[in-house]
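Colleague: One predicted model, sequence on top.
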Amino acid sequence: MQKFDRLPAMPVIAEDPYFSVWLPGDLPNDCTTVHWTGAEKPISGSITVDGESFRFLGQGGGAAARVTGVAVTPTKTEFTYLAGGVSLKASFRSCALPDDFDVLSTPVSLADFEAASADGGPHRVRVSLSVSPRICYDGACAPEIFAHSFRDGDMGAAYMGRSRQSILGHSADHITIDWGYFYIASSCPVESSRHGAGFTWETEVKAEPQRAFALLGYDDVASINYFGAPCRAWYAREGKTFLCALREFFDGHDSLVERCEALDARVIKKAREIGGEDYEKIVCAAWRHSFAAHKLIATPKGEMALLSKENDSNGCIGTVDVSYPSSPLFLEFCPELVNALCRPVLEFASMPVWEFDFAPHDVGRYPYATGQVYALNLDLPQGAAVPPVYQYPAGTGIYDDRFQMPVEECGNMLVMMEAALHYGASDGLLRKYAPILEKWARYLLEYGEDPGSQLCTDDFAGHLARNVNLAAKAIVGAACFGRLQKRLGNKAEGERYLEKAKKMAESWRQRCTAEKGTYLTFDGRGWSMKYNLVWDRVLGLGLLPEEFYIRETESYPGRANAYGLPLDSRADYTKSDWICWCAAMAPEESVRRALLAPVARYIEETSTRVPFSDWYDSKTGRYVAFIARSVQGGVFMPFLIG
């Protein structure tokens, strides 16, 4: 279990883009809990020992309990305290279990409490947890709140939400949910009112620990507008209600804890083997963070769709160049979810409005998967519902080609499709959409070898012509399509694409090799990370020799700053996901660890207490932008090689 001397902003609740609450301060009881956007969503915890009150979470009355430890695992944030002669352990756990899609998609977190005497004497203890109604609405103006509590046998439940509901009523980036109902459940007394909801546990403690737990959940009623159809989370695909799911979590609490502990141990063990305590710290910070930036739903056809929200960027849903960096997490632990990432994109690309020879950038703005909004020539006010672009006919001319990412997204989709199958996903999606994939592969052959001025996933850096790393993506994408053709039984065509990709790779190497590493552009300017080439090693594509990767990655540590390797020679900022891809690409363990260590240092030392930012300054350790984004799934790339 990773111990932190100084707490990064870490999740208390991490279930989906809307139902997430974070601690932005150094200690859990010196700050107000917030949504990743910074909007206050107060959760307060207090412990009363023999009549004396202490706070252990949030701000409020009573003295602060002394924090004696903070531990973070992939699924859990755990605090230990000393208050009035009592030791208290408070654990907040998200059941982000990648082998159980029903559990994974159920927005319920576990809050576990353990109290024991620290001085040998008996003590009367009352532990309380309260949640503000602000968790149910967006903005500062409080609406009318409806609240109620009831019992279901040994489980008490209380809930609250807006009296007037507008399901799926808004869409933007820096907003929180504005509909649905927050639930708290426990065997201990629970209650709710227009002022909040909470639970209270009263017990007498001696040396033997006493334990209690509460469930914190959110019923969003409908999760995503999927091309015109309001869709619920995957767990509800056959009619399961939220209360039924809550009851299952209550009855299965102990088993869920055991499964989470087993997962934590497995992930931590492998992380340590790959990159020691530094890498353990990185994956522990990223696990819940990455899953919580997605919503897993059942489409109207009963198929699985995993939709990301492009947090702190533009709010896009199902962004291809966000799914691409996040994919290593899913490839390692649940490859079918990579198919689920690709499904909405392929479905939209099949519609008449998408008349391009390249892949879309996204499928809407969260929670509206109703057609690409990036480069859309329509004014979309923040907060407003997204129009049904998916219904538009061909020829409407609603997109500005200057802001498309044609080579980027074609390469991303082809790599993800092949990687998913390589790691064991089903091939139905490939067989259904093979003609579209072939169109994108042809685009890469025609335009990818030496790309013109265009955006790539690092669009904050602006347009760039003759981008060497983008050309590498085109080469890898073409090779992956060759593999896909072979899977379809088209052996000769598959070999043709693979041979073409190998010739492109050799030409690429000859044109971009510098005295030290490789250039940023084919006209010999600067240098850049070549993270896109990691797939050559992960998938065994045979595009470039081992000595190339040794030479390229050995050029990186000397260019790194205190908190990581810059993205390229143009600026000091960096991307944590791409650093981890470069680390995975390194054949030498010493180089891999040298690249990972500064990212761990950034997590520990950054002065900006926001959820693990993937875009930050490599010299100062301050984040530039991008908070709580799904791309942190990319830090698991070394798992695919390690």
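Modeller: Noted; the coordinates are in hand.

Colleague: Number of residues surrounding Arg247?
Modeller: Burial of Arg247, expressed as a neighbour count using other C-beta atoms under 10 Å, amounts to 17. Backbone N, C-alpha and C define where each C-beta goes, glycine included.

Colleague: And it, its phi and psi?
Modeller: Taking degrees, to the nearest 10, you get phi -60, psi -40 for the backbone angles of Arg247.

Colleague: tell me the contacts of it?
Modeller: By C-beta atoms under 8 Å, 6 or more residues apart in numbering, the residues touching Arg247 are 152, 155.

Colleague: I'd like the distance between it and Arg162.
Modeller: For Arg247, the distance to Arg162 under the criterion C-beta to C-beta, to the nearest Å works out to 24 Å.

Colleague: For Gln485, which non-adjacent residue is closest in space?
Modeller: With C-beta to C-beta, 6 or more residues apart in numbering as the criterion, Gln485 has its nearest non-adjacent residue at 3.5 Å, and that residue is Gly494.

Colleague: and the one you found, what element?
Modeller: helix 491-512 (DSSP states H and E).

Colleague: Now that helix: buried residues?
Modeller: 493-494, 497-498, 500-502, 504-505, 508-509, 511-512 (16 or more other C-beta atoms under 10 Å).

Colleague: can you state the direction angle for the host helix or strand of Ala479 and helix 491-512?
Modeller: Ala479 belongs to helix 468-487 when elements are defined using DSSP H and E. For helix 468-487 against helix 491-512, the angle between stretch directions is 170 degrees (axes from the mean of the first three to the mean of the last three C-alpha atoms, to 10 degrees).

Colleague: chain center to helix 468-487, what's the gap?
Modeller: For helix 468-487, the separation from the chain centroid amounts to 25 Å (computed by C-alpha atoms, centre = their mean, to the nearest Å).

Colleague: Can I get it in PDB, CA atoms only?
Modeller: Taking C-alpha atoms only, helix 468-487 is exported to PDB below (Å, rounded to 0.1, in the frame of the first residue of the first chain):
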ATOM      1  CA  VAL A 468       7.500  13.000 -37.100                       C
ATOM      2  CA  ASN A 469       5.600  11.400 -34.100                       C
ATOM      3  CA  LEU A 470       2.300  11.800 -36.000                       C
ATOM      4  CA  ALA A 471       3.900  10.000 -39.000                       C
ATOM      5  CA  ALA A 472       4.900   7.200 -36.600                       C
ATOM      6  CA  LYS A 473       1.300   6.800 -35.600                       C
ATOM      7  CA  ALA A 474       0.300   6.500 -39.300                       C
ATOM      8  CA  ILE A 475       2.800   3.800 -39.800                       C
ATOM      9  CA  VAL A 476       1.700   1.800 -36.700                       C
ATOM     10  CA  GLY A 477      -1.900   2.300 -37.700                       C
ATOM     11  CA  ALA A 478      -1.200   0.900 -41.200                       C
ATOM     12  CA  ALA A 479       0.500  -2.100 -39.700                       C
ATOM     13  CA  CYS A 480      -2.300  -2.700 -37.300                       C
ATOM     14  CA  PHE A 481      -4.800  -2.700 -40.200                       C
ATOM     15  CA  GLY A 482      -2.600  -5.400 -41.900                       C
ATOM     16  CA  ARG A 483      -3.100  -7.500 -38.800                       C
ATOM     17  CA  LEU A 484      -6.800  -6.800 -38.900                       C
ATOM     18  CA  GLN A 485      -7.000  -7.900 -42.500                       C
ATOM     19  CA  LYS A 486      -5.400 -11.200 -41.600                       C
ATOM     20  CA  ARG A 487      -7.900 -11.700 -38.800                       C
END
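
Colleague: still on that earlier bit, tell me the contacts of the residue nearest to Gln485?
Modeller: If you count contacts by C-beta under 8 Å, 6+ apart, Gly494 has them with 482-486.

Colleague: Recalculate using a threshold of 6 Å.
Modeller: 482, 485-486 (C-beta atoms under 6 Å, 6 or more residues apart in numbering).

Colleague: how about low-confidence regions in the chain?
Modeller: Segments of the chain classed as low confidence (criterion: pLDDT under 70) are 1-8, 642.

Colleague: my read is Gln632 is in a strand, agree?
Modeller: No. Assessed by DSSP: H, G, I helix; E, B strand; the rest coil, Gln632 does not belong to a strand; its assignment is helix.

Colleague: ok, it to Asn314 distance?
Modeller: When distance is defined by C-beta to C-beta, Gln632 is 18 Å away from Asn314.
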